[in-house]
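> For reference, the sequence and a predicted model appear below.
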Amino acid sequence: MSLSREKATRRRGAELEAAILDAAWEQLTERGYEGFTFEAVADRADTSRPVLYRRWATRAELLKATIRHHGDAEDTSAPDTGSVRGDLLAALRRSNEQRSNFLVLLSASLGGYYAETGSTPGEIRELLLGRRARLAIDDILDRGVERGEIDPATLTPLVRAVPYSLFRHEVVMNLQAVPDETLEAIVDEVFLPLVRAS
């Protein structure tokens, strides 16, 4: 038995599960759902398939746990730069760094998962982010209202969603991270004119 496998067999409980889910995330992002098999994930995590099957009965369950685990590790706090513009740009730039690859995967590589489970990209996004992204944007916008930068009457649910909806659209349409000038245009040319207090 190799030293690495001997060390891996000593992992237990939460440590083992985290190692499996980290390996599963790497496998998913590198190989897509087609290459996201129990065997491939077990090999990458340096463990055995029965260890995975004891925790997740299906590949779809493993995928959901993998995405939720990755999302839990992300920083989704609301930046506080002192202005709505600065906060939104900081949040969008962070999403660009953390999530653009996942959004490409979401649109280009999970077709088999959607067909197999009847799930949608929105449901997968919810697994990744839960309510945290909505709370972050709400914090940014609420602070903007308090500072008098934003007219609260403009903040309908659809308007609140504009920055991230446009960001996701750009990633999915171009299958790559969004150029910084486009992020600035989303904030300066589209969103702020919609909500700016007169």
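Yes, it's here.

> Can you name the element that comes right after the helix-or-strand element of the chain with minimal mean pLDDT?
Using mean pLDDT, DSSP states H and E, helix 3-9 stands out as the lowest-scoring helix or strand of the chain, at a mean of 48. Counting by DSSP states H and E, the next helix or strand C-terminal to helix 3-9 is helix 13-31.

> Give me the contact list for stretch 153-162.
137-138, 141, 145, 186, 190-191, 194-195 (C-beta atoms under 8 Å, 6 or more residues apart in numbering). Bear in mind the C-beta positions are built from the backbone N, C-alpha and C, glycine included.

> Just the CA trace of that stretch, in CSV.
Extracted C-alpha coordinates of stretch 153-162, given in CSV (Å, rounded to 0.1, in the frame of the first residue of the first chain):
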residue,chain,number,x,y,z
ALA,A,153,-39.4,52.9,-5.1
THR,A,154,-37.3,51.6,-8.1
LEU,A,155,-36.2,48.4,-6.3
THR,A,156,-38.6,45.9,-7.7
PRO,A,157,-37.5,42.2,-7.6
LEU,A,158,-36.6,42.3,-11.3
VAL,A,159,-34.6,45.5,-11.0
ARG,A,160,-32.7,44.1,-8.0
ALA,A,161,-31.7,41.1,-10.1
VAL,A,162,-30.4,43.2,-13.0
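
> For the remainder of this discussion, apply numbering that starts at 5.
That works, and once the first residue is 5, the last one we named lands at stretch 157-166.

> mean confidence for that stretch?
Throughout stretch 157-166, pLDDT has a mean value of 95.

> Now do residue 124: how many residues are near it, please.
By the criterion of other C-beta atoms under 10 Å, residue 124 has 10 neighbours.

> Might you list the low-confidence residue ranges for the chain?
For the chain, residues meeting the criterion pLDDT under 70 lie at 5-15, 111-112, 134-138.

> Just after the longest helix along it, pick out the following helix or strand.
Counting by DSSP state H, the longest helix found in the chain is helix 88-112. Next helix or strand after helix 88-112 toward the C-terminus (DSSP H and E): helix 115-121.

> what comes into contact with that following helix?
Helix 115-121 has contacts (C-beta under 8 Å, 6+ apart) with 37-38, 64, 67, 123-125, 128.
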